[in-house]
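Peer 1: Build me a model from this:
(one chain, ligands or ions: 2)
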Amino acid sequence: MAFRSRIYKTAAELQLMVQPGVITAAALDAVRAAIVPGVTTLELDAIAERVIRDAGAEPNFQLVPGYRHTICASVNEEVVHGIPGPRVIQPGDIVSIDCGAQLDGWNGDSAFSVVVPDPARPALVAERERLVDVTEQSLWRGIAALATVKRLNAVGAVIEQYIESNPRTDGGEWGIIEDYTGHGIGRSMHEDPPVFNYRVREKGPEVKVGLAVAIEPMLTAGTIDTVTLADDWTVVTEDGTMAAHWEHSVAVHAGGIWVLTATDGGASGLAPLGVTPVPIAATV
Ligand code: MG
Ligand code: MG
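Peer 2: Ligands and ions are numbered 1, 2, ... in the order given. Purely as a prediction, here's the structure:
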């Protein structure tokens, strides 16, 4: 029997999403700390799985049909869905890690990108760090927008606007990937509605109490064309351009917004934007 997902959750349901979000954040923090030259993406996967299972939760990526890992690890020109394996992380690599945890049937989903230090190539590192930074900052703008916009697709317009306003240092335009979007999240990791990272004609559903969405901009240093490799998972830029990916799961509740996959609810990321996240109130 199909499980009909609801876009708007009750306060009690949103509260149940807090802990899987926190566990997702802990797993990503542990992976981030382990990203050094010489580590393999499979070793990073094991770290994330241990954190999630030690917390009594389950890696929800393993619940996706055909996927056996806890994280996706996408390196350099890989945009998303890179499969952990023997690949050895090198200085200067852009490493994008996507991960999620399920606890008591509720899900978290989050991702970050980071550039591995490479003292021998400061210009390359600076260029890649800017790609990563603009991607992350576009995410925080999109999250902040949720606190005020009336319709969901305004979030994508805010993300695109920020990215357009912060071009590459060589003056060129970034590429915002359109082949993949963010999504609602709840009992399933992927639910309606889609969350676009770019302007679309439709206004989308109302942003109101109960909405829980994963916002996840994917940016490249130019192209928006992607191809999926023969492993049926790994998505790469068609021309080898570098890519970055950031994601958070966010709840809209009666008190405001709360970033479920940030241990501080998003306070540090949102502070420069004048938005203060509010914890989801206890329900009786
Ligand atoms: Mg994700
Ligand atoms: Mg997602």
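
Peer 1: Ser113 and Asn197, how far apart?
Peer 2: Per CB to CB, to the nearest Å, Ser113 is found 14 Å from Asn197. Glycine gets a C-beta too; all of them are placed from N, C-alpha and C.

Peer 1: Please name the residues that touch the residue of the stretch 1-150 of the chain at minimum distance from ligand 2.
Peer 2: Nearest residue of the stretch 1-150 of the chain to ligand 2: Asp109, at 4.2 Å (CB to the ion). Applying CB atoms under 8 Å, 6 or more residues apart in numbering to Asp109 gives the contacts 24, 60, 98-100, 185, 189, 214, 216, 247, 249, 261.

Peer 1: quick one: which of the residues you listed is most hemmed in?
Peer 2: Counting neighbours by other CB atoms under 10 Å, Gly100 comes out on top of the contacts of Asp109 with 35 neighbours.

Peer 1: which ones are touching that residue?
Peer 2: 20, 24, 59-61, 107-110, 189.

Peer 1: hmm, try it at 10 Å
Peer 2: Residues near Gly100 by CB atoms under 10 Å, 6 or more residues apart in numbering: 20-21, 23-24, 27-28, 48, 52, 57-64, 70-72, 107-111, 185, 189-190, 214, 247, 249, 261.

Peer 1: Verify the stated contact: Val236 with Ala230.
Peer 2: No - counting by CB atoms under 10 Å, Val236 does not reach Ala230; the two are 11.1 Å apart.

Peer 1: of those two, who's got more company?
Peer 2: Taking other CB under 10 Å, Val236 and Ala230 do not tie; Val236 has more neighbours (22 against 6).

Peer 1: Quick check: can you name the pairing partners of whichever helix or strand the more buried one is part of and their directions?
Peer 2: Per DSSP states H and E, Val236 falls inside strand 235-237. Take DSSP bridges as the rule and strand 235-237 pairs in its sheet with strand 78-80 (antiparallel), strand 226-228 (antiparallel).
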